[in-house]
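Enquirer: Sequence and computational prediction follow.
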Amino acid sequence: MLTPQEEEHIYTVACVPEHIVSLMVSVSRGEPFLADNFVYYVGNNWLIFVGYPLEGSFSVDTCEAVLRDLRKRFRPEYLWFIGEMIPSSLTSNCTERESDQYYKLDLLSLTIKSDLRRALRKTSPSLSIERSRTMAHQHTELSEEFISRENPSSRIKAFFLAMPNYVSQSPTAVVLTGGAAKASSLPTTWWIWGPRPLPPMSWAAIRKSITCPMLRICSFSK
């Protein structure tokens, strides 16, 4: 289990969503731990290992060494590895693999073209953005519509379905709802911010997270 000091440290240097302890605990129902600069979560017969180090560069050798110790300690029947590169010791037992891309949005040097600024000025009076601390039934409907239309993986489904519980338990998560100012009650889009206000995460940590080339999420079994 994490100490309050360890959890505070993780939130300060977190660089990928899986480092958000409150979110991962809500989604996975696992118990969070910290081992040699790596965050991992443990359940009854499984282990989720976040291979992105909290500080420093990714090293497959270091990652593999920590994983080896954890597998001996917990002997999980199922293992999910999230990282930039899969350790060679895991490749032969890999049963499922997924990939996500990270995109960089550099707000410090962002330049908006004049035609886009004009379009924003023209459109903004007809738009409404609401900030709240709860998810309404309209947000659940959007999630269900997305799941029905796109049929995402079980991991993505679990993520969306866990959002209402996560938002209700997180003291810092924020829901932003955008829609027409005088239109229907169904929002056009929404975002979740968490687990805390942005300033504690340094720009160095943000740049580290948004420039990671690939997120590999793999599951393994004995």
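Expert: Looks like it came in fine.
Enquirer: okay, now the closest residue to Glu18 other than its chain neighbours: neighbour count?
Expert: Distances taken as CB to CB, 6 or more residues apart in numbering place Val50 nearest to Glu18, at 4.6 Å, with adjacent residues excluded. Quick note: C-beta positions are derived from backbone N, CA and C, even for glycine. Val50 is flanked by 24 other residues according to other CB atoms under 10 Å.
Enquirer: quick one: contacts for Val50?
Expert: 16, 18-19, 38-40, 82-83 (CB atoms under 8 Å, 6 or more residues apart in numbering).
Enquirer: Reformat those residues as CSV; add secondary structure, pLDDT and distance to Thr134.
Expert: Converted to CSV, these look like this (DSSP: H, G, I helix; E, B strand; the rest coil; pLDDT from 0 to 100; distance: CB to CB, whole Å):
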residue, secondary structure, pLDDT, distance to Thr134
Val16, coil, 84, 26
Glu18, helix, 88, 24
His19, helix, 90, 24
Phe38, strand, 96, 33
Val39, strand, 96, 28
Tyr40, strand, 97, 30
Ile82, strand, 90, 29
Gly83, strand, 88, 34
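Enquirer: can you name the two of those residues that are farthest apart?
Expert: Greatest spacing in the contacts of Val50, by CB to CB: Val16 and Tyr40 (13.1 Å).
Enquirer: And the strands in the protein, which stretches?
Expert: For the chain, applying DSSP state E gives strands covering 31-35, 38-42, 46-50, 78-83, 94-100, 127-132, 174-180, 189-193, 215-221.
Enquirer: Distance to Leu161 added to those strands, as a markdown table?
Expert: Putting the strands of the chain into a markdown table (distance: least, CB to CB, whole Å) gives the following:
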| stretch | distance to Leu161 |
| --- | --- |
| strand 31-35 | 20 |
| strand 38-42 | 18 |
| strand 46-50 | 17 |
| strand 78-83 | 18 |
| strand 94-100 | 17 |
| strand 127-132 | 19 |
| strand 174-180 | 16 |
| strand 189-193 | 13 |
| strand 215-221 | 17 |
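Enquirer: closest one to Ser168 among those?
Expert: Across the strands of the chain, Ser168 has its closest neighbour in strand 174-180 (10.7 Å, CB to CB).
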